[in-house]
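A.B. asks: Using only what follows, build the 3D model:
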Amino acid sequence: MLKHLGPGLIITASIVGSGELIVTTSVGAEVGFTLLWFIIIGCLVKVFVQVELGRNAILEGITTLEIFDRMPGPRFIVSWIVWLWLCMFIAVFFQASGIIGGAAEVFFAGRGEGARVFWVIAVAASGAGLLLWGKYWLIQNFSTAMVALFTVFTVLAVGALARTEYAISWEQIASGLSFQLPADITTAVAAFGIIGVGATELVYYPYWCVEKGYARYVGTRQEDDPAWEARARGWLRVMRCDAWLSAVVYTGATIAFYLLGAAVLHAGHLEVTDNDMIATLSQMYQKSFGAGGLWLFLCGAFMVLYSTFFVATASNARLLSHALSLFRVVRYKDDRQRQMVTRGACVFLPALGAAIYLSGVAAGAGSVTLVKIGAVAQALMLTPLAFCGVYLRYKRTPRVLAPGVVWDIFLWLSGVSIAAVGLYKFYQMVR
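C.D. replies: A predicted model of the protein is given here:
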């Protein structure tokens, strides 16, 4: 079964992306080491909800929006939680546009408006073309390998700081694990929604669990069938292993990005802004590796952001085609028609992202601002996702496949924690 590990590692390629490279380093630049504990918790606490969503997808053979649509509560055409998801989905278009712009900025930085337009269109068009080409797994495997390599160099960059004036001391690490809060945690709360398994990845995950065939291998739900129960236990074990393995990978990467931001950018009084994002972030690698660190950063940053854009587009295209059916905008005659709509979305979404980015730049908003808009929307979505995870555990999980008391305790802690962050962000916005 281990050869079938995958959904968690698939979304890891998108997880280690804009959240880590842009938002996490921004938090480190703003507050230094103080919120290291908050970043670690933000990565790990959401895995429990992720597993519950994945568990239900495998046992029921249904996708995330179908899970949402079965939630109790008010409904108009669809469930209330689907409407909340739609609001987040629209906001995430801004984040996707910021990612496209960030990937393009590697090439056009400082070269004028004409170069900006050319490279933004080139990034968006190439992503759409590769998805239409149909060699998704070939491109994704290559991108994942490049992201993994850049992550390794990021960890090495943290170690390389030891021979510089930015060396990280154990006292600084201890201060970051002391559960203190700075006066302003606005960016940190937004980061909570996007780092690790962000709200969008929580939504993507069941789709990939279904697409990888986990639900098909388990078969139609038969609670009184010992053979079905055995298959379900086996594939749920694979899913949990996959989720926690990916959690180890992206938590380590997130910590490394945060430490670089805290050690280099905060110490140098540098802020990650729309105007000089690439130049500022590259300082973390130049201080670690010298002049050659710039080229290492440019290559790695492009692969991280492009891979995020690529996986997110593939995932969002599936979500969009499904949502159109769920909201009764279209009625698919067969799976072939659904696939055609999905392929069309693979062109439409990158084009929309490029247009939003260029419009945003014209209005004075660049990649950092656009990515943070998506981060805020994801933070707000955490509360309904927490409710969904707890509801599925107690209302949709067969007793014979229910987890133990220890898991339930951590699930409740997870649900309460991420719901609290979502509600706090909502309070910040309405007060």
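A.B. asks: Do a quick rundown of the helices in the stretch 201-350 of the chain.
C.D. replies: Taking DSSP state H, counting those that start in this stretch as the criterion, the stretch 201-350 of the chain contains helices spanning 214-218, 226-260, 277-289, 292-326, 335-362.
A.B. asks: what do you get for the stretch 1-150 of the chain?
C.D. replies: Under the criterion DSSP H, counting those that start in this stretch, helices of the stretch 1-150 of the chain are mapped to 7-15, 18, 25-31, 36-44, 47-60, 64-69, 80-108, 113-133, 136-160.
A.B. asks: Worst mean pLDDT across the helices and strands of the chain, which element?
C.D. replies: helix 7-15 (a mean of 50; mean pLDDT, DSSP states H and E).
A.B. asks: Stretch 190-203: which residues count as buried?
C.D. replies: Applying a neighbour-count criterion of 16 or more other C-beta atoms under 10 Å, the buried positions in stretch 190-203 are 190-203. C-beta coordinates here come from the backbone N, C-alpha and C atoms, glycine included.
A.B. asks: now the residues you listed in a markdown table, with pLDDT, secondary structure and distance to residue 129?
C.D. replies: Formatted as a markdown table, the buried residues of stretch 190-203 follow (pLDDT from 0 to 100; DSSP: H, G, I helix; E, B strand; the rest coil; distance: C-beta to C-beta, whole Å):
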| residue | pLDDT | secondary structure | distance to residue 129 |
| --- | --- | --- | --- |
| 190 | 79 | helix | 32 |
| 191 | 80 | helix | 32 |
| 192 | 83 | helix | 35 |
| 193 | 79 | coil | 31 |
| 194 | 79 | coil | 27 |
| 195 | 79 | coil | 30 |
| 196 | 73 | coil | 31 |
| 197 | 74 | coil | 29 |
| 198 | 80 | coil | 27 |
| 199 | 84 | helix | 29 |
| 200 | 85 | helix | 23 |
| 201 | 83 | helix | 25 |
| 202 | 87 | helix | 29 |
| 203 | 87 | helix | 26 |
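A.B. asks: Mind putting these into TSV with distance to residue 318?
C.D. replies: As requested, these are exported to TSV (distance: C-beta to C-beta, whole Å):
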residue	distance to residue 318
190	26
191	26
192	26
193	21
194	20
195	23
196	22
197	18
198	17
199	16
200	12
201	14
202	15
203	10
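A.B. asks: Residue 376 and residue 91 touch, don't they?
C.D. replies: Yes: counting by C-beta atoms under 8 Å, residue 376 sits close enough to residue 91 to count as a contact (7.4 Å).
A.B. asks: higher neighbour count, these two?
C.D. replies: Between residue 376 and residue 91, counted using other C-beta atoms under 10 Å, residue 376 has the larger neighbour count: 22 against 17.
A.B. asks: Look up the closest residue to the more buried one, ignoring the ones flanking it.
C.D. replies: Distances taken as C-beta to C-beta, 6 or more residues apart in numbering place residue 190 nearest to residue 376, at 4.9 Å, with adjacent residues excluded.
A.B. asks: In contact with that neighbour, which residues are there?
C.D. replies: 23, 372, 375-376, 379, 425 (C-beta atoms under 8 Å, 6 or more residues apart in numbering).
A.B. asks: rerun that using 6 Å as the cut-off
C.D. replies: Contacts for residue 190 were tallied using C-beta atoms under 6 Å, 6 or more residues apart in numbering; they are 372, 375-376, 379.
A.B. asks: Quick check: it vs residue 41, distance?
C.D. replies: 15 Å (C-beta to C-beta, to the nearest Å).
A.B. asks: just residue 312 next, same as before
C.D. replies: Shown here: residue 312 relative to residue 41, a distance of 24 Å by C-beta to C-beta.
A.B. asks: For those two, indicate the residue with more neighbours.
C.D. replies: residue 312 (26 against 18).
A.B. asks: where are the low-confidence patches of the stretch 51-200 of the chain?
C.D. replies: Low-confidence regions of the stretch 51-200 of the chain, defined by pLDDT under 70, span residues 109-112, 135-140, 143.
A.B. asks: Hmm, residue 377 and residue 95 touching each other?
C.D. replies: No: the pair residue 95 and residue 377 fails to qualify as a contact (C-beta atoms under 6 Å) at a distance of 7.8 Å.
A.B. asks: These two: which has the busier surroundings?
C.D. replies: Between residue 95 and residue 377, counting by other C-beta under 10 Å, residue 95 is the more crowded of the two (32 against 25).
A.B. asks: what's near enough to touch that one?
C.D. replies: Listed by C-beta under 6 Å, 6+ apart, the contact partners of residue 95 are 371, 374.
A.B. asks: any idea how far residue 185 is from residue 86?
C.D. replies: Between residue 185 and residue 86 the distance, using C-beta to C-beta, works out to 28 Å.
A.B. asks: hang on, the earlier thing: most tightly surrounded among the helices of the stretch 1-150 of the chain?
C.D. replies: For the helices of the stretch 1-150 of the chain, the stretch with the most neighbours on average is helix 18, a mean of 30; neighbours defined as mean count of other C-beta atoms under 10 Å.
A.B. asks: and that helix, how far from the chain's centre?
C.D. replies: The chain centroid and the centroid of helix 18 are separated by 8 Å, computed with C-alpha atoms, centre = their mean, to the nearest Å.
A.B. asks: for stretch 85-95, same thing?
C.D. replies: Going by C-alpha atoms, centre = their mean, the spacing between the C-alpha centre of stretch 85-95 and its chain's C-alpha centre is 13 Å.
A.B. asks: With stretch 67-77 instead?
C.D. replies: In terms of C-alpha atoms, centre = their mean, the centre of stretch 67-77 is set 24 Å apart from its chain centre.
A.B. asks: That one spans what distance, first to last residue?
C.D. replies: With C-alpha to C-alpha, to the nearest Å as the measure, stretch 67-77 spans 15 Å from end to end.
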